[in-house]
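Novice: Give me coordinates for this.
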Amino acid sequence: MTRGRPGAPARGTAERTLTSVGPAGSAGGAAGPEDGRRAERDRPAPRAREEEARETSRLWHVTLSVSGAEAPLKEVRRALEQLAHDHPFLLTSRYANDHAEIRYWEEARDLHDAAAVALRLWGEHRSTAKLPPWEIVGLEVIDRETYHQRVAEGYGPPPASPVGVHPY
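Specialist: The predicted structure follows:
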């Protein structure tokens, strides 16, 4: 019997021998080809997992307000444009030299997940987009139906148009 690292080539051969470890209780501990096919058959298909994830997620309209010390308007605009590039679902941003409002759609399982992502957005992109060191001062997360109901009734946030980065 030759000993060595699992998967290491046997001496004098150029090919590597691959071995699999089967489930506990299988004969010899090695999985045969039929075991691999059975495992593949029992595992949910990737498409089924994607559809299941889509069914459980919803769209949320997020409005994130940030504020802080004054910064040059050109730098604020450039930073928000970079954020829009880094976060492609950004709908619109409005800004002044000491505050900004960012609006976008987020896909998440529930409000808690959408809010958690929104609360991390500014901090996670602060260095890459060179965002001002402002703090989050407001957050609104509403579901798609509520957003459209507010717009239809003439109150709430107006539709995000024009899309892009704009001064107040």
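Novice: can you tell me the average pLDDT over stretch 132-147?
Specialist: Per-residue pLDDT values over stretch 132-147 give a mean of 96.
Novice: Could you list the buried residues of it?
Specialist: By neighbour count on 16 or more other Cβ atoms under 10 Å, the buried set for stretch 132-147 is 132, 134, 136, 140-142, 147. Any C-beta I mention is one placed from the backbone N, CA and C, and that applies to glycine too.
Novice: Let's test this: what are the backbone torsions at residue 74?
Specialist: Here is the backbone geometry of residue 74 (degrees, to the nearest 10): phi -60, psi -40.
Novice: before we move on, the earlier item: nearest to residue 100 among the buried residues of stretch 132-147?
Specialist: Proximity of these to residue 100 (Cβ to Cβ) peaks at residue 134, which lies at 7.3 Å.
Novice: and the longest helix along the chain, what other elements does it pack with?
Specialist: For the chain, the helix that runs over the most residues, judged by DSSP state H, is helix 111-129. Using 3 or more Cβ pairs under 8 Å, 6 or more residues apart in numbering; DSSP states H and E as the contact test, the elements touching helix 111-129 are strand 58-67, helix 73-86, strand 99-108, strand 135-143.
Novice: Correct me if wrong: residue 165 contacts residue 95.
Specialist: Yes. Counting by Cβ atoms under 8 Å, residue 165 touches residue 95, with 7.0 Å between them.
Novice: What distance do you get for residue 75 to residue 91?
Specialist: 22 Å (Cβ to Cβ, to the nearest Å).
Novice: Overlap in contacts, residue 165 and residue 95.
Specialist: By Cβ atoms under 8 Å, 6 or more residues apart in numbering, residue 165 and residue 95 have these common neighbours: 77, 80.
Novice: Where does pLDDT dip in this protein?
Specialist: 1-55, 156-162 (pLDDT under 70).
Novice: Residue 131: what secondary structure?
Specialist: coil (DSSP: H, G, I helix; E, B strand; the rest coil).
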